[in-house]
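[1] here you go, sequence then predicted model.
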Amino acid sequence: MQNGRTSAALRHLTLGHLKETLRGLERAEGFRAKTGQAALPFGIAALDSLWPEGGLPRGALHEIAGASADAGGFAAATAFTASIAGRLGAGRPNAPVLWCARGHELYGPGLAGVGLAAQRLIVAEARNDKDLLAAMEEGLRAGVLAAVVGEVERIDLTASRRLQLAAEKTGCTALVLRRPGKRATPAPITAASRWRVGPAPGSGAQDFYQIPAARPWRLELIRARCGAHGSWIVEAPDAQGHLRLPALLADRSLGAPVWQNVA
Amino acid sequence: MSLTHARAILPAVGTAHAAPLDDAGALAALSTGCFRFSPWVAPCGADGIWIDATGVSHLFGGEDRMVARIARVLAKSGLTARIAMAATPGAAWALARHGRAPVCVSTSTHDLDPLPVMALRLDAGTARSLWRVGIKTIAALKAIPRATLPLRFGKLLVTRLDQALGHAPESIDCIVPQEARRRAIVFADPISTAEDIRRCTEKLVRGLCEDLEKRQEGARKLDLVFMRTDNSHQAIRVGAGRPSRDLKHILKLFAEHMDTVAPGFGIDKAVLTAWKYAPLFPTQTDSDGGGQHAGDLAQLTDHLANRLGESAVYRLAPAATHIPERAQNRAAPAEDIPASAWPTCLPRPVRMFSPPEPVEVVSLLPDHPPARFVWRGTLRKVRCADGPERVCGEWWLNRDEVAEIRDYFRVEDQDGARYWLFRDNRLTPNQSHLWFLHGVFA
């Protein structure tokens, strides 16, 4: 009996020790201690409840791509990235966002309209993906930025791992925005979460001469480190970068799996 | 000629006391001013200025135009000058002082032939003895067998002749403006290993940073030039967005380009010049390092600009205009962007194409949104559209824009993607309008 109690206590001790060790290993814990914030909440319960941190983890690598490999998908992915980056920068004064771009298509007024203000944006144009990844890593390691965005077409496992490590070290969030490329399926990368964003299909336009003010998106979480995945219909971010649920669906119960149709 | 002699000829002749020191000072100042024409300038004797025009003249639209421009600038400041451009310093000296035209560009060495031997920068004794034996022009001198010349007239004559004709090298020591922030090391033995180059760079930067600290300044642009034993240069240029005298920061900027230095047979001199600098006063940092922040960000943008190119790192600054492509300007990353940005009431795309991409459009006349359009080879059917938003050219700034009127439409295609199209309201020769796709909405 005594023996059994010892082993139970031992097991309890070991389990507690393991949990403690795991928490110590968790990057988020160390970062939470430093900044008090380990995650960026979306403000939508269904999304936030997926993560134990209560939102998109900071100090990690996230991948965002367009649902379709065309300009429309890429623009939606750009806006989604900008809204996240803008809100990441909003919490910390003087912490700008470095946007490593290819080409000069970024349009400030549009980005400001989804929550990334010009004061918080620094653009770095790179000629190729290699330079771009190096610039991203330098930005992540500097530790003065809120987020680093990179418009990458080709990135492999090693490069993404480097970015992930750099992000963990400084608590700066890395956002990889996939450029639509020639290859149909991009190579897999290490990422804390992988998103696909695109215009929602079949949002019924009643009148040819009127565009609905609300912009429905289909937001798809393909993979997350916490194991969650799903797809949602949301409205494009407002000027503060907040996503919203479409009014039609918000009337329903948030807990109901009606619109969290797990793919 | 004495003054009395001169007055006898021209009674009204003006006189002034000689001031050689002031003259030298004025010449030095004028030489410094000539850096606008070339980076390699030196005073020449008491009355001339060398300007090395190698690889420079095309910036002024050719050699003739460059010379004309120099003459114009000097004339504007009230100076009468004789200017000659030639293939060698010796020839230019000769033509400027003894040529017929006050401003000339020499194209061949035969231009020197009619000039007197004095034009070869000889001392008076040599010139006189040449004159005495009947050698009066350079052409006559060239006709005489070379071997006999040094014995009789000294070695200098042959050297000067060769220098004027381009057979012997002649270098001009460039002056550096007095206020240059500069450090140099001359090596007794040429260095060539990467480690040595790194150490000498560190020494130079350390010295320069100390100089700058004494003057309370920070460097904005730095040139590090390695002079090789084979008389060629290896240069590295780096820039800092904010003035800096941080040793580690500047060394890191140089370190990225260090592998481009090819020492060849050895480097015997290294020069570091801060050619652009600004006052930089010591700042108080917070005890938690809070004041460090702006500096760290400036260092990051410097490194990125150093790696990607100076114009590749920028901020998007709002501009007060309603022409979409002019609404954002590029600003340096160190610049502060005003808080009042673009109006949010108008829908604007997140990505914009500049220049706008032409599209083929089917639309109802006179001003309906397009029903379908072909962009990048794909036909897109328009499901719904909104507009027009009329944007007129800025005719108050530019008269050509009076007729430039665009009607912008937001359209959504069958896949749900939203585009920003506009119709140029100027009629084409075949009485139709051109349509362009200017951006993509999120």
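    Looks like it arrived, so ask away. Residues are numbered from 1 along each chain as shown, chains lettered A, B, ... in the order given.
[2] residues near the single nearest residue of the stretch 1-150 of chain A relative to chain B, how many?
    Nearest to chain B in the stretch 1-150 of chain A, going by Cβ to the nearest Cβ, is residue A:72, at a distance of 2.4 Å. For glycine as for every other residue, the C-beta is placed from the backbone atoms N, C-alpha and C. Close neighbours of residue A:72, defined as other Cβ atoms under 10 Å in any protein chain shown, add up to 23.
[3] repeat that for residue A:223.
    For residue A:223, the neighbour count with other Cβ under 10 Å is 15.
[4] once you drop chain neighbours, what's closest to it?
    Leaving out its chain neighbours, the residue that sits closest to residue A:223 by Cβ to Cβ, 6 or more residues apart in numbering or on different chains is residue A:194, at 4.7 Å.
[5] that neighbour pairs with what?
    Residue A:194 has these beta-bridge partners by DSSP bridges: residue A:63, residue A:223.
[6] thinking it is in contact with residue A:221, fair?
    Yes - with contact taken as Cβ atoms under 8 Å, residue A:194 and residue A:221 are classed as touching, separated by 7.4 Å.
[7] quick one, which of these two is more surrounded?
    Neighbours per residue (other Cβ under 10 Å) separate residue A:194 from residue A:221, with residue A:194 holding more: 21 against 18.
[8] compute the distance between that one and residue B:246, please.
    Look at residue A:194 and residue B:246: by Cβ to Cβ, to the nearest Å, they are 40 Å apart.
[9] can you check residue B:188 too?
    31 Å.
[10] more crowded one of the two?
    Neighbour totals were compared for residue B:188 and residue B:246, and residue B:246 leads with 18 against 5 (other Cβ under 10 Å).
[11] now the closest residue to chain A within the stretch 101-250 of chain B: closest residue in space that isn't a chain neighbour?
    Closest contact between the stretch 101-250 of chain B and chain A, by Cβ to the nearest Cβ, is at residue B:241 (10.7 Å). Leaving aside its sequence neighbours, residue B:241 sits nearest to residue B:334 (Cβ to Cβ, 6+ apart; 3.9 Å).
[12] so what's that neighbour up against?
    Contacts of residue B:334 were listed using Cβ atoms under 8 Å, 6 or more residues apart in numbering or on different chains, and they are B:241-242, B:298, B:301.
[13] for it, phi and psi?
    phi -80, psi -10 (degrees, to the nearest 10).
[14] separation between it and residue B:298?
    6 Å.
[15] who does the lengthiest helix in chain B touch, helix- and strand-wise?
    Determined from DSSP state H, the single longest helix within chain B is helix B:194-215. Applying 3 or more Cβ pairs under 8 Å, 6 or more residues apart in numbering or on different chains; DSSP states H and E, one finds that helix B:194-215 contacts strand B:181-191, strand B:217-228, helix B:247-255, strand B:267-279.
[16] quick one, phi/psi of residue B:44?
    With angles defined as degrees, to the nearest 10, residue B:44 sits at phi -120, psi 110.
[17] try residue B:393
    Per-residue torsions, residue B:393: phi -70, psi 160 (degrees, to the nearest 10).
[18] neighbours around the closest residue to it other than its chain neighbours, how many?
    Spatial nearest neighbour of residue B:393, excluding adjacent residues (Cβ to Cβ, 6+ apart): residue B:401 at 2.8 Å. When counting by other Cβ under 10 Å, one arrives at 14 neighbours for residue B:401.
[19] what sits against residue B:401?
    B:392-395.
[20] now do residue B:222
    Residue B:222 neighbours (Cβ under 8 Å, 6+ apart): B:208, B:237-240, B:250, B:253-254, B:272-275.
[21] secondary structure element for residue B:129, which one?
    Assigned by DSSP states H and E, residue B:129 belongs to helix B:124-132.
[22] list of residues touching that helix?
    B:117-118, B:122, B:136, B:141, B:152-154, B:156-157.
[23] rerun at 6 Å
    With contact meaning Cβ atoms under 6 Å, 6 or more residues apart in numbering or on different chains, helix B:124-132 is reached by B:117-118, B:153, B:157.
[24] sitting in helices, which of the residues you listed do you find?
    Using DSSP H, the members of the contacts of helix B:124-132 that fall in helices are B:153, B:157.
[25] show me the two of the contacts of helix B:124-132 that sit farthest apart.
    The most widely separated members of the contacts of helix B:124-132, counting by Cβ to Cβ, are B:118 and B:153 (13.2 Å).
[26] between those two, who's got more neighbours?
    Shown here are residue B:118 and residue B:153; by other Cβ under 10 Å, residue B:153 has more neighbours (21 against 18).
[27] for that one, what are its contacts?
    With contact set as Cβ under 6 Å, 6+ apart, residue B:153 has these partners: residue B:126.
[28] am I right that residue A:234 falls within a strand?
    Yes - assessed by DSSP: H, G, I helix; E, B strand; the rest coil, residue A:234 belongs to a strand.
[29] surely it touches residue A:218?
    No - Residue A:234 lies out of contact with residue A:218 (Cβ atoms under 6 Å); the separation is 8.2 Å.
[30] the two: which is more packed in?
    Taking other Cβ under 10 Å, residue A:234 and residue A:218 do not tie; residue A:234 has more neighbours (24 against 19).
[31] so what's that one up against?
    Taking Cβ under 6 Å, 6+ apart, one finds A:217, A:219, A:243 in contact with residue A:234.
[32] among those residues, which lie within strands?
    Counting by DSSP state E, the contacts of residue A:234 place A:217, A:219 in strands.
[33] out of the contacts of residue A:234, which end up buried?
    Among the contacts of residue A:234, the ones that count as buried by 16 or more other Cβ atoms under 10 Å in any protein chain shown are A:217, A:219, A:243.
[34] sorry, back to before: tell me the secondary structure for the residue of the stretch 101-250 of chain B closest to chain A?
    strand.
[35] chain A contacts on chain B?
    Chain B comes close to chain A at residues B:293, B:296-297, B:300, B:304, B:308, B:312-316, B:318, B:327-328, B:333, B:337, B:341-342, B:344, B:348-352, B:383-384, B:386, B:410, B:412, B:416-417, B:440, B:442, as judged by Cβ under 6 Å from any Cβ of the partner chain.
[36] so who does the nearest residue to residue A:166 once chain neighbours are set aside touch?
    Leaving out its chain neighbours, the residue that sits closest to residue A:166 by Cβ to Cβ, 6+ apart is residue A:140, at 3.9 Å. Counting by Cβ under 6 Å, 6+ apart, residue A:140 makes contact with A:148, A:166-167, A:172, A:174.
[37] try it again with 10 Å
    Counting by Cβ atoms under 10 Å, 6 or more residues apart in numbering or on different chains, residue A:140 touches A:59, A:61, A:98, A:147-148, A:150, A:162-174.
[38] skipping its backbone neighbours, what lies nearest the spatially most central residue of chain A in space?
    Centroid check for chain A by Cα atoms, centre = their mean gives residue A:62 as the closest residue, at 4.7 Å. In space, and not counting its chain neighbours, residue A:62 is closest to residue A:193: 5.0 Å by Cβ to Cβ, 6+ apart.
[39] so that neighbour touches residue A:42, yeah?
    No - when contacts are counted by Cβ atoms under 10 Å, residue A:193 is not listed as touching residue A:42 (11.5 Å).
[40] find the residues that touch each one of the two.
    Residues within reach of residue A:193 and of residue A:42 at once, by Cβ under 10 Å, 6+ apart, are A:50-51, A:56.
[41] could you save the helices and strands packed on helix B:194-215 as CSV and add columns showing mean pLDDT?
    Shown next, in CSV, are the helices and strands packed on helix B:194-215 (pLDDT from 0 to 100):
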stretch, mean pLDDT
strand B:181-191, 90
strand B:217-228, 91
helix B:247-255, 90
strand B:267-279, 89
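[42] need these in a markdown table (columns: distance to residue B:360).
    Shown next, in a markdown table, are those (distance: least, Cβ to Cβ, whole Å):
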| stretch | distance to residue B:360 |
| --- | --- |
| strand B:181-191 | 59 |
| strand B:217-228 | 49 |
| helix B:247-255 | 49 |
| strand B:267-279 | 50 |
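[43] go through those and name the closest to residue B:64.
    Comparing the helices and strands packed on helix B:194-215 against residue B:64 with Cβ to Cβ, the closest turns out to be strand B:267-279 (29.5 Å).
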